[in-house]
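K.L.:
Whatever this is, show me its structure:
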Amino acid sequence: MRKNNLLCGLKLPVLTVLVFLVPFTASCKKQEEGSAKREVQETSPYSNESVFDEVNRKLQENPKDADLWYRLADLYDRNGQYAEAAATYKKVIAMKPDMGYAYFKMGTAYDRLNRPEDAVAAFTKTIKLMPNYAVAYNNLGVAYGKLGKINEEIRVFKKAIELRPTYASARYNLGMTYLKLGNKKAALHEYESLKNIDTDFAQALQKEINAAR
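P.N.:
Below you'll find the model as predicted:
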């Protein structure tokens, strides 16, 4: 299994965020169903109708305010309404086409919706606007992995590590990708690097290496 990192931090252990080998995207969270879902929403400050009402009221007064649309998209995202979040980030981008982080957030929403082709497009645009943003390369690698594009997956994970050598989730993801190829030697190299960076990721990768035939 892989790890899920989904936004900037990333979860542990053999995760996505937000991975089967579960890739670790920067920020990923599944919505619960039924009563569990209602319980989560009742305790979440982002699901409070008054918060949405306030933003929507301001949007009625200022419908061309991209920052307000971004705030609404963020509320949807945090509330687990990823389809609405992606659509609203798209509106933000229409108003501010150079807003790289809006593309990134849209990409993470698409990832959570299991729409890897759209996630690839969004993350690709992100790195054009934010070429030094390591997290975008990591998440792009996760999306490529879901599409079976292993060469591209390896390339962008390596780029994420080049930009941030101590990026534990990217090294974990790269190691897992090498295991998919049957390259235990390369995976062990990432494990050795992880031992000095993040012991949890290192142990998780070691477990997968030991389990590989």
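
K.L.:
Any idea which helix or strand in the chain has the lowest mean pLDDT?
P.N.:
helix 34-43 (a mean of 33; mean pLDDT, DSSP states H and E).

K.L.:
From the rest of the structure, what touches the strand or helix carrying residue 75?
P.N.:
According to DSSP states H and E, residue 75 maps onto helix 66-78. Residues from elsewhere that reach helix 66-78, judged by CB atoms under 8 Å, 6 or more residues apart in numbering: 44, 46, 51-52, 55-56, 58-59, 62, 82, 84-85, 88-89, 91-92, 95-96, 99, 102, 105, 108-109. Quick note: C-beta positions are derived from backbone N, CA and C, even for glycine.

K.L.:
Which members of those occur in helices, if any?
P.N.:
Among the contacts of helix 66-78, DSSP state H puts 51-52, 55-56, 58-59, 82, 84-85, 88-89, 91-92, 95, 102, 105, 108-109 in helices.

K.L.:
on that earlier part again, select only the buried ones of the contacts of helix 66-78 in ChimeraX?
P.N.:
Buried members of the contacts of helix 66-78, defined by 16 or more other CB atoms under 10 Å, are picked up in ChimeraX with:
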select :51,52,55,82,84,85,88,89,91,92,99,102,105,108,109
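
K.L.:
low pLDDT regions in the chain?
P.N.:
1-48 (pLDDT under 70).

K.L.:
Which positions within stretch 123-133 qualify as buried?
P.N.:
Quick answer for stretch 123-133 (16+ other CB under 10 Å): 123, 125, 126, 127, 129, 130, 133.

K.L.:
Just want the phi and psi numbers for residue 196.
P.N.:
phi -100, psi 0 (degrees, to the nearest 10).

K.L.:
how much space between it and residue 166?
P.N.:
Taking CB to CB, to the nearest Å as the measure, residue 196 falls 9 Å from residue 166.

K.L.:
Compare neighbour counts for those two and give me the winner.
P.N.:
residue 166 (12 against 9; other CB atoms under 10 Å).

K.L.:
ok, the more buried one touching residue 201?
P.N.:
No - using CB atoms under 8 Å, residue 166 makes no contact with residue 201, being 10.9 Å away.

K.L.:
Now do the residue located most distally from the centre of the chain against residue 67, distance only.
P.N.:
Largest separation from the mean C-alpha position in the chain: residue 61, at 32.8 Å (CA atoms, centre = their mean). Between residue 61 and residue 67 the computed distance is 13 Å (CB to CB).

K.L.:
cool, and residue 149?
P.N.:
Distance from residue 149 to residue 67, by CB to CB: 35 Å.

K.L.:
Of those two, which one has the most company?
P.N.:
Legend: neighbour count by other CB under 10 Å for residue 149 and residue 67, higher for residue 149 (16 against 13).

K.L.:
what about the more buried one, distance to residue 143?
P.N.:
Counting by CB to CB - residue 149 and residue 143 are separated by 9 Å.

K.L.:
swap in residue 106?
P.N.:
From residue 106 to residue 143 the distance is 12 Å (CB to CB).

K.L.:
go on, residue 200?
P.N.:
From residue 200 to residue 143 the distance is 24 Å (CB to CB).

K.L.:
what does residue 113 give?
P.N.:
According to CB to CB, residue 113 and residue 143 sit 12 Å apart.
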